[in-house]
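K.L.:
Sequence isn't available, so here's the structure alone:
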């Protein structure tokens with residue numbers, strides 16, 4: 001990491017002669033002498049006295065020699081630390097976390113499977129649930145982060161990642177705290193008659209499309225309002241600021257403090273699980289397989305990659 005002039009100077013001082021230094025450096029004695037002369041000229045200091053008996057450091061040379069030895073040791077330690085950091089980087093699992101997709105469920109998985117990966121640590125990578133940019137975040141699996149725990153029934157998401165289902169999240173609704181239904185502990189579908197139900201527009205989620213079809217066919221008194229395919233905080237804000245009802249997952253009950261979440265007597269649910277890159281690293285693939293073996297088969301869930 002240092003220029004050859006300083007290296008030649010220190011080696012010559014250690015050896016006591018240009019000839020012995022040349023043998024160690026695999027260059028000619030003349031080349032060693034030229035390097036030292038160039039260093040002295042650059043610093044405008046006489047660093048060595050040349051005598052028939054060999055070379056001897058001057059007082060200025062002693063100072064430069066001592067500091068150079070310190071710098072060489074510091075440089076060596078720096079390179080060693082950099083190598084260790086590079087090795088450690090390959091032993092980190094990066095976990096995406098956001099308001100709608102928190103990392104805590106992954107931590108529960110890690111508590112069970114982590115002992116199979118000694119020496120690995122976790123790094124949380126925050127990202128935004130922006131409906132205009134979420135596809136780029138999903139596409140960053142394998143680059144920006146290794147894993148993401150999420151509800152997933154999105155064809156657009158599943159074109160960009162693998163998904164290991166681990167369970168199901170139930171559908172429920174959320175309303176503002178001053179909504180007429182806010183005090184109810186549980187609802188039946190007819191309680192939503194006359195209401196405007198906000199839900200993702202058609203075309204991306206087969207499960208949500210089935211819910212919509214059922215409601216349109218069997219409960220036409222419920223008016224449906226489209227949201228973007230992917231929720232973000234703006235959707236929750238709009239619900240909180242209006243008298244509308246928002247279709248949510250039970251894992252999102254605490255997302256917005258101005259909303260009240262209420263279960264509904266229906267059987268609608270979406271798969272929940274582990275997202276990872278289409279071309280995972282060896283370590284990520286091993287972790288997914290360990291989770292798969294720990295979780296066991298999930299009746300009724302399909303699409304395990």
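P.N.:
Great, that's in hand. Note that the coordinates shown come from a computational prediction; the quantities given were computed from them, not determined experimentally.

K.L.:
phi, psi of residue 271?
P.N.:
Reported as degrees, to the nearest 10, the phi and psi values for residue 271 are phi -70, psi 150.

K.L.:
so what's it up against?
P.N.:
For residue 271, the contact set (Cβ atoms under 8 Å, 6 or more residues apart in numbering) comprises 151, 152, 153, 163, 165, 167, 168, 169, 301, 303. In this view, the C-beta of every residue, glycine as well, is placed from N, C-alpha and C.

K.L.:
Which element, helix or strand, includes the fourth one?
P.N.:
Yep, that's residue 163 we're talking about. Secondary-structure assignment from DSSP states H and E places residue 163 in strand 162-176.

K.L.:
in the protein, which spans are helices?
P.N.:
Ranges of helices in the chain, per DSSP state H, are 4-15, 18-25, 29-43, 59-89, 104-113, 134-139, 155-158, 206-218, 233-241, 282-295.

K.L.:
Off-centre distance for the shortest one?
P.N.:
In other words, helix 155-158. Helix 155-158 has its average C-alpha position 19 Å from the chain's average C-alpha position, going by Cα atoms, centre = their mean, to the nearest Å.

K.L.:
before we move on, back to that, compare the helices of the chain and say which comes out lowest on pLDDT.
P.N.:
Between those, the one with the least mean pLDDT is helix 59-89; it has a mean of 79.

K.L.:
Which of the helices of the chain sits closest to residue 225?
P.N.:
Put simply, out of the helices of the chain the one that sits nearest residue 225 is helix 233-241, at 9.4 Å, with distance taken as Cβ to Cβ.

K.L.:
on contacts alone, who are the packing partners of the closest one?
P.N.:
Packing contacts for helix 233-241, counted by 3 or more Cβ pairs under 8 Å, 6 or more residues apart in numbering; DSSP states H and E, involve strand 162-176, strand 196-200, strand 245-249, strand 259-263.

K.L.:
what angle do that helix and strand 162-176 make?
P.N.:
With axes from the mean of the first three to the mean of the last three Cα atoms, to 10 degrees as the basis, helix 233-241 and strand 162-176 are set at 20 degrees to each other.

K.L.:
so who does residue 4 touch?
P.N.:
Listed by Cβ under 8 Å, 6+ apart, the contact set of residue 4 reads residue 35.

K.L.:
Tell me which of the helices of the chain approaches residue 123 most closely.
P.N.:
Using Cβ to Cβ as the measure, helix 59-89 is the one of these that comes nearest residue 123, at 9.6 Å.

K.L.:
Against which helices or strands is that closest one packed?
P.N.:
With contacts defined as 3+ Cβ pairs under 8 Å, 6+ apart, the secondary structure elements packing on helix 59-89 are helix 4-15.

K.L.:
returning to that earlier point: as TSV, the helices of the chain with distance to residue 176 would be great.
P.N.:
As requested, the helices of the chain are arranged in TSV below (distance: least, Cβ to Cβ, whole Å):
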stretch	distance to residue 176
helix 4-15	71
helix 18-25	78
helix 29-43	74
helix 59-89	46
helix 104-113	26
helix 134-139	25
helix 155-158	29
helix 206-218	21
helix 233-241	5
helix 282-295	37
